[in-house]
Structures are given as structure tokens and as C-alpha cells.
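*Asks:* Predicted model and sequence below, questions to follow.
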Amino acid sequence: MSKEDTDFFSPNGKTVLLVEDDGTIAEEIAAELTARGFKVLHEATGNAGLEAALRLEADIMVVDRLLPGLDGLSVIETMRQQGIRMPVLVLSALSAVDDRVTGLKAGGDDYLTKPFAIEELVARIEALLRRPDDTRSTKLHLGPIDMDLIERRVWRDGREIELLPREFRLLEYLMRRPGQVLTRSMLLEDVWQYRFIPRTNLVDVHIGKLRRKIDGPGEEPLIESIRGTGFRLRVPD
């Protein structure tokens, strides 16, 4: 490792290797992460990103799926073949379920579609960094709820719950933020990708449908309404 590489790292902060060819998006991500105390190394091509991943000891990689030269999935596959286990968040404009599955099967740990809210990007990075170093889970677990992010399936105490795509995305968002009060504006921006806040009861309608599916007869309700604010997924005792 060169002196330049050594100077780049800080013993007090986490290092993010960002591989993104869109300069505007890369600048926005780097600015936000830097403001939150992360160290950011940016590369604009797949080849340069792979070289940096092999050479540097970053804590996490954020990589665009479509890159000049080597594409993002090839970067991840090569890293895994080389035994590099750092978590990887894939960014992509491709939002179909099959595209998500392909990204995760290539070795990615999470998949975020563009356009995205920067707060969600940061939350997903922090969630990946909290995982134990020896696991790369594609599943979420909270109390009685289990979620398979690849198969897009959900269970409560072993009972499978059939969810529509938006309901699945809403529950995933809640499960990644247990105990946190989530406002209707946050949900509209991050789950529905609205860049303006319309006058609508859309969130309440979907929360109601989700409750009816995940709370069976006699089961303890998991989603709390916070009057005048929003909703919270309870953290089971």
C-alpha cells in the first residue's frame, strides 16, 4: 500500500469505495457520506473500481451496475472469486425483480434502484456495516417476521404471507428501521420515490393492507401508529 493509500484511511472512520460513472451522483453521495464521517474513495470505471477493491482495505463498496469497461456485476464476481468479502451495495436504474435477483446472486449484499433518497442510501450502508463480518445475508429477521430478499417471500412464525411488490418494499423499509418513527413524508419519498409530497392517504391505505396481512387472528400487532406523525415497527421483546 502506497503512502497515498495509507493517508487516505483513518483509524476512526469507515471507508467507502464508491464506483460510479455519473459525476453528479458520485459527488452527491461523496458529500453526504463525508459529512457523516465516512472516508470516500471514488472510481469512475469498473476496471479502476476492481483494482481499488483488490488493492485497498475498504469497509464497504457502493457500485453502479452499469459502468464503462467492466460492469458492476463482473466487478463483484471477480472480487468474490479473489476472496474479498467486504459488503457491496449495488446501485442500478434497472428495477425489475429479476435484475435485483441477478445483482444479489452475483455477490451483492443489497440492491438500491435509481433514483433513490440519499437518506436511504446511508441507512443501507450503515445496516450493511452492522452485519457480522463473516456473513453476507440476503435475509432480514425481526421478532416473528422473516424476509427473503432474493425470493421476495415473507413469513410470520412460519406462516407465509403473500405481499404485493409495494407492500413488500414497505415492510422491508420498516424492518430496516425497527423502533424508528417514520413519517408519511419519509415513506412517500423513500418507498414511492416521490420528489414532492402530494395530499394523499396512500401511505395509510397501504399500511392498513399490510397490517391485515401480517397480523393474523390473535397475533400481536407489529405496526404502531404514532398520532400526528407516522408509523413505527415495534421491536419485539
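*Replies:* Received, thanks. Residues are numbered from 1 along each chain as shown.
*Asks:* Quick one: list the elements packing against the helix or strand harbouring residue 52.
*Replies:* Residue 52 belongs to helix 46-55 when elements are defined using DSSP states H and E. Counting contacts by 3 or more Cβ pairs under 8 Å, 6 or more residues apart in numbering; DSSP states H and E, helix 46-55 is packed against strand 15-19, strand 39-43, strand 60-64, helix 72-81. For the C-beta atoms, the positions are set from N, CA and C on the backbone; glycine is no exception.
*Asks:* Please determine how far residue 165 is located from residue 44.
*Replies:* 32 Å (Cβ to Cβ, to the nearest Å).
*Asks:* Looking only at neighbour counts, state which of those two leads.
*Replies:* Neighbours per residue, other Cβ atoms under 10 Å: of residue 165 and residue 44, the larger number sits with residue 44, 17 against 10.
*Asks:* in the protein, what spans have low per-residue confidence?
*Replies:* 1-12, 95-98, 131-137, 195-198, 237 (pLDDT under 70).
*Asks:* all strands for it, in order.
*Replies:* Taking DSSP state E as the test, the strands found in the chain are 15-19, 39-43, 60-64, 88-92, 110-113, 139-142, 145-148, 153-156, 159-161, 182-183, 223-226, 230-233.
*Asks:* Ok, which of the ones you listed comes nearest residue 130?
*Replies:* Taking Cβ to Cβ, strand 60-64 is the member of the strands of the chain nearest to residue 130, at 10.9 Å.
*Asks:* which other helices and strands contact the closest one?
*Replies:* Applying 3+ Cβ pairs under 8 Å, 6+ apart, we find strand 60-64 packed against strand 15-19, helix 46-55, helix 72-81, strand 88-92, helix 118-130.
*Asks:* got the contact list for the residue most central in space within the chain?
*Replies:* Centroid-nearest residue in the chain, with Cα atoms, centre = their mean: residue 124, separated by 3.6 Å. By Cβ atoms under 8 Å, 6 or more residues apart in numbering, the residues touching residue 124 are 89, 110, 112, 176.
*Asks:* wait, which of those residues is closest to residue 67?
*Replies:* Nearest to residue 67 out of those is residue 89 (Cβ to Cβ; 14.4 Å).
*Asks:* Now do the spatially closest residue to residue 187 that is not a sequence neighbour against residue 183, distance only.
*Replies:* In space, and not counting its chain neighbours, residue 187 is closest to residue 203: 5.0 Å by Cβ to Cβ, 6 or more residues apart in numbering. Separation of residue 203 from residue 183 (Cβ to Cβ): 9 Å.
*Asks:* So for the two, which sits in the more crowded spot?
*Replies:* residue 203 (20 against 15).
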